[in-house]
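Engineer: sequence? don't have it. structure:
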Ligand code: PLP
């Protein structure tokens with residue numbers, strides 16, 4: 001669970017927070033909804049939903065190119081969201097914040113663009129706990145450029161073997177791409193330490209902050225991260241939007257991976273001059289409403305405070321870990337000393353999909369499957385897990401409802 005901070009985090013009024021999420025107040029299959037699929041996507045507070053309808057009702061216009069008032073307002077709102085993200089990540093300048101479709105596109109962009117600067121034999125180091133989106137782009141790059149993919153192992157608790165990670169680093173390592181918090185295990189990696197070790201051999205580091213960004217401060221300058229990727233929908237914002245942070249010195253050297261409108265200064269049939277950062281990497285009309293929604297989501301998260309969110313989630317996670325341990329036949333997958341918000345488990349010989357189906361009938365929404373981390377499933381010798389994952393609006397009562405539903409699953413399927 002998250003490291004304790006020097007000053008205790010403020011206590012959140014979780015009932016008031018729940019009231020801000022319209023979707024939570026419904027019945028499914030005649031039972032009150034208990035939403036525990038937050039690692040897949042989080043629900044949206046009213047302020048995020050309204051920021052987008054406000055944009056469509058008052059300001060909708062294409063950005064950057066218009067002289068009319070609506071276009072200017074849309075551009076201002078879009079660029080204001082970029083400034084919010086810059087502040088949230090503590091980046092040095094707005095130009096280092098690139099909007100993407102999500103974490104997946106961010107990693108693919110680095111693989112396509114930074115990958116162009118790499119040569120055959122250059123090594124890329126990832127870990128065994130990566131999401132498929134942080135594995136496949138590097139395999140594609142290996143095919144295209146002859147780079148070599150190395151994988152640092154994890155132990156039986158689902159923790160990175162840091163000594164093995166260090167042994168795999170060498171002057172041949174050009175890029176380390178590593179998850180901050182695992183989506184299927186909950187493990188939080190010692191990211192600052194890993195970045196320092198990678199920098200010691202001259203490698204640049206990409207941090208996958210898809211899961212961590214909603215409860216851990218990701219300060220790109222304090223961490224000295226070279227690239228950071230995240231998805232808006234995992235931080236209470238809309239789907240279809242994400243962020244790729246990159247240090248200017250790197251982004252300036254990298255070629256654009258997509259051509260089109262907005263990413264150019266001038267075009268003739270003979271030659272195109274690319275636009276300056278960040279536009280060089282934002283070809284075409286972006287998801288303007290989504291970016292504005294992401295800005296509203298960051299405002300919302302900051303109004304609660306990441307420390308307070310983490311403290312609340314840690315309390316529910318501790319309670320949930322204890323309660324699940326009491327269920328006969330239940331095995332928790334992912335027992336790292338430092339973990340957050342994820343309870344992955346198997347229940348005897350019952351297939352996780354069957355568990356998930358019974359839980360759904362009880363109103364409890366969890367995710368079952370490999371969670372886009374098949375190598376993690378292989379490592380633990382299971383085809384799939386059931387995963388309950390927490391957000392700030394979850395309570396101990398949600399865990400109790402999960403446990404009641406699990407007993408029902410044992411009764412029906414066991
Ligand atoms: N990385 C991690 C750790 C994730 O949990 C996810 C999504 O679950 C991704 C990457 C991919 O995110 P997205 O599908 O939003 O691009």
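Structural biologist: Great, that's in hand. Only a predicted model underlies this, so the values are computations on that prediction, with no experimental measurement involved.

Engineer: low-scoring pLDDT stretches of the stretch 1-150 of the chain, where are they?
Structural biologist: Applying pLDDT under 70 to the stretch 1-150 of the chain picks out residues 1-7.

Engineer: Might you enumerate the residues of the protein proximal to the ligand?
Structural biologist: Proximity of the chain to the ligand, by C-beta under 6 Å from any ligand atom, involves residues 102, 103, 104, 131, 133, 179, 183, 208, 210, 211, 231. Every residue, glycine included, has its C-beta placed from N, CA and C.

Engineer: ok, now which ones touch the last one?
Structural biologist: Think residue 231. By C-beta atoms under 8 Å, 6 or more residues apart in numbering, residue 231 lies in contact with 102, 103, 104, 210, 241, 242.

Engineer: Reformat those as a markdown table; add neighbour count, distance to residue 89 and secondary structure.
Structural biologist: Output for the contacts of residue 231, formatted as a markdown table (neighbours: other C-beta atoms under 10 Å; distance: C-beta to C-beta, whole Å; DSSP: H, G, I helix; E, B strand; the rest coil):
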| residue | neighbour count | distance to residue 89 | secondary structure |
| --- | --- | --- | --- |
| 102 | 23 | 16 | coil |
| 103 | 27 | 14 | helix |
| 104 | 21 | 19 | helix |
| 210 | 27 | 14 | coil |
| 241 | 27 | 15 | coil |
| 242 | 29 | 12 | strand |
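
Engineer: follow-up on the earlier one: the residues of the chain next to the ligand: which two are farthest apart?
Structural biologist: 102 and 179 (14.6 Å; C-beta to C-beta).

Engineer: mind checking how far residue 71 is from the ligand?
Structural biologist: Using C-beta to the nearest ligand atom, to the nearest Å, one gets 29 Å for the distance from residue 71 to the ligand.

Engineer: Tell me, how many residues neighbour the closest residue to that residue other than its chain neighbours?
Structural biologist: For residue 71, ignoring the flanking residues on the chain, the nearest one in space by C-beta to C-beta, 6 or more residues apart in numbering is residue 61 at 4.1 Å. Neighbouring residues of residue 61 were enumerated by other C-beta atoms under 10 Å; the total is 16.

Engineer: where does residue 61 sit relative to the ligand, distance-wise?
Structural biologist: Taking C-beta to the nearest ligand atom as the criterion, residue 61 is separated from the ligand by 27 Å.

Engineer: care to break the protein down by domain?
Structural biologist: With domains defined by automatic domain parsing, the chain comprises 3-42+305-413, 48-302.

Engineer: any idea which of those is most buried?
Structural biologist: Of all the domains of the chain, domain 48-302 carries the top mean neighbour count, a mean of 19, counting by mean count of other C-beta atoms under 10 Å.

Engineer: Look at the residue located most distally from the centre of the chain and give its secondary structure.
Structural biologist: Outermost residue of the chain with respect to the C-alpha centroid, by C-alpha atoms, centre = their mean, is residue 270; its distance is 40.7 Å. Of the three states, residue 270 takes coil under DSSP: H, G, I helix; E, B strand; the rest coil.

Engineer: Distance check, it against residue 203.
Structural biologist: Distance of residue 270 to residue 203, given as C-beta to C-beta, to the nearest Å: 38 Å.

Engineer: next one: stretch 109-124 to chain centre, how far?
Structural biologist: For stretch 109-124, the gap between its own C-alpha mean and the chain's C-alpha mean amounts to 22 Å (C-alpha atoms, centre = their mean, to the nearest Å).

Engineer: Between the two ends of it, how far is it?
Structural biologist: Stretch 109-124 has an end-to-end distance of 15 Å (C-alpha to C-alpha, to the nearest Å).

Engineer: Contacts for that stretch, please.
Structural biologist: The contact list for stretch 109-124 (C-beta under 8 Å, 6+ apart) reads 98, 100, 137-138, 140-142, 144-150, 170, 172-177, 204, 206, 227, 229, 244, 246, 250, 253-257, 281.

Engineer: Then stretch 393-401?
Structural biologist: 14, 17-18, 21, 24, 32, 34-36, 38, 43, 313, 315-316, 319-320, 323, 362-364, 388.

Engineer: now it: mean pLDDT?
Structural biologist: Here stretch 393-401 scores 98 as its mean pLDDT.

Engineer: Over to stretch 234-246?
Structural biologist: Confidence over stretch 234-246, taken as the mean pLDDT, stands at 98.

Engineer: Just give me how far it sits from the chain centre.
Structural biologist: Mean-position distance between stretch 234-246 and its chain equals 8 Å (C-alpha atoms, centre = their mean).

Engineer: One more: stretch 356-363?
Structural biologist: The chain centre lies 26 Å from the centre of stretch 356-363; the measure is C-alpha atoms, centre = their mean.

Engineer: Over to stretch 244-256?
Structural biologist: With C-alpha atoms, centre = their mean as the basis, the distance from the averaged C-alpha position of stretch 244-256 to the chain average is 20 Å.

Engineer: and what of stretch 144-162?
Structural biologist: Going by C-alpha atoms, centre = their mean, where stretch 144-162 is centred and where its chain is centred differ by 19 Å.

Engineer: so how far does it reach from one end to the other?
Structural biologist: 29 Å.

Engineer: do the same with stretch 214-224
Structural biologist: Distance between the boundary residues of stretch 214-224 (C-alpha to C-alpha) amounts to 20 Å.

Engineer: do stretch 330-344 as well
Structural biologist: With C-alpha to C-alpha as the measure, what separates the two termini of stretch 330-344 is 10 Å.

Engineer: cool, stretch 280-294 as well?
Structural biologist: For stretch 280-294, by C-alpha to C-alpha, the gap between its terminal residues amounts to 21 Å.

Engineer: Which ones among the contacts of stretch 109-124 map onto strands?
Structural biologist: When DSSP state E defines the strands, the subset of the contacts of stretch 109-124 inside them is 98, 100, 148-150, 173-177, 204, 206, 227, 229, 244, 246.
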